[in-house]
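> Take a look and give me a structure for this.
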Amino acid sequence: MLVVNAIAAMLIVPAWCVVFKPHFVVATHYDADGVLEEDAANGGGLAG
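Now for the predicted structure:
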């Protein structure tokens with residue numbers, strides 16, 4: 001079971017992120033200072 005879970009964590013979960021494109025993955029970028037920011041064009045602005 002440990003091996004199956006490790007393989008799923010490395011292969012299946014990232015594949016789901018590619019297919020379903022969750023907001024927390026696709027709506028962010030690094031600015032010029034290296035700070036991770038949320039894109040306003042992709043529905044950003046959750047809380048302030």
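
> Now tell me what touches the strand or helix carrying Ile7 from outside.
In this structure, Ile7 sits in helix 2-7 according to DSSP states H and E. Around helix 2-7, nothing counts as a contact under Cβ atoms under 8 Å, 6 or more residues apart in numbering. (Each C-beta comes from the backbone N, C-alpha and C, glycine too.)

> Past it, which element shows up next along the chain?
The element immediately downstream of helix 2-7 (helix or strand, assigned by DSSP H and E) is helix 13-20.

> Now the element after that following helix, going C-ward?
Assigned by DSSP H and E, the successor of helix 13-20 is helix 23-26.

> Can you get me the centre-to-centre distance for the worst-scoring helix or strand of the chain on mean pLDDT and its chain?
Every helix and strand of the chain was ranked by mean pLDDT, DSSP states H and E. The lowest is helix 23-26, at a mean of 76. Averaging C-alpha positions (Cα atoms, centre = their mean, to the nearest Å) puts helix 23-26 4 Å from its chain's average.

> show me what contacts the residue nearest the centre of the chain?
Centroid-nearest residue in the chain, with Cα atoms, centre = their mean: Val25, separated by 2.2 Å. Residues in contact with Val25, defined by Cβ under 8 Å, 6+ apart, are Cys17.

> before we move on, the earlier item: mind listing what's buried along the least confident helix or strand of the chain?
By 16 or more other Cβ atoms under 10 Å, helix 23-26 has no buried positions at all.
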